[in-house]
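Colleague: using only what follows, build the 3D model:
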Amino acid sequence: MAYEDCLPGTWLAARFAIDPFLLDAMRRDGELVAVREPGSTDWLYPGWQFEGRNPRPVIARIVRAAREKGLGEARLYTIMTAPLGLGGDRQVFELLLEGREDDVVELVRAG
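Modeller: Numbers count the residues shown, from 1 in each chain. Reported below is the predicted structural model:
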């Protein structure tokens, strides 16, 4: 599975007591990042975009930057999970966890 760190939308909806249609609307509106396995109709949501039960507020900025560059969700996911630096053990999304939101937005814009 290419998206091992992602959570199925059905699981998130049940776990957070959110209507699945609301979750999908949040994805369409750019409030959440979601990807699909090739040939699948199920959306998968990376866990790093959540802080507790809520999406991190910066996710909307990140998605907007990706859309402005014409990047699809799979490409955005690839950028967010890319290693930091040459041979780095850390990934781009870890900058979010450190509060370095502007750095992440700029990396996405560099696409």
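Colleague: which SSE is immediately downstream of the lowest-mean-pLDDT helix or strand in the chain?
Modeller: In the chain, no helix or strand scores lower on mean pLDDT, DSSP states H and E than strand 54-55, which sits at a mean of 90. Counting by DSSP states H and E, the next helix or strand C-terminal to strand 54-55 is helix 58-68.
Colleague: roughly how far is that following helix from the heart of the chain?
Modeller: With CA atoms, centre = their mean, to the nearest Å as the basis, helix 58-68 stands 10 Å off its chain's centre.
Colleague: partners of the least confident helix or strand of the chain in the sheet?
Modeller: Using DSSP bridges, the strands paired with strand 54-55 are strand 50-51 (antiparallel).
Colleague: what residues does the partner strand touch?
Modeller: The contact list for strand 50-51, computed with CB atoms under 8 Å, 6 or more residues apart in numbering, reads residue 56. The C-beta positions use only the backbone N, C-alpha and C, and glycine is treated the same way.
Colleague: tell me how far that strand lies from the chain's centre.
Modeller: The answer for strand 50-51 is 10 Å, by CA atoms, centre = their mean.
Colleague: let's test this: mean pLDDT of it, rounded?
Modeller: Averaged over strand 50-51, pLDDT sits at 92.
Colleague: give the contact list for the residue nearest to the spatial centre of the chain.
Modeller: Centroid-nearest residue in the chain, with CA atoms, centre = their mean: residue 33, separated by 3.6 Å. By CB under 8 Å, 6+ apart, the residues touching residue 33 are 27, 45, 46, 49, 59, 62, 63, 73, 76, 77, 80.
Colleague: ok, now with 10 Å
Modeller: For residue 33, the contact set (CB atoms under 10 Å, 6 or more residues apart in numbering) comprises 6, 27, 43-46, 48-49, 55, 59, 62-63, 66, 73, 76-77, 80, 93.
Colleague: so of the residues you listed, which ones are in strands?
Modeller: 6, 44, 45, 46, 55 (DSSP state E).
Colleague: bridging residues for the fourth one?
Modeller: When bridges are called by DSSP bridges, residue 46 pairs up with residue 6.
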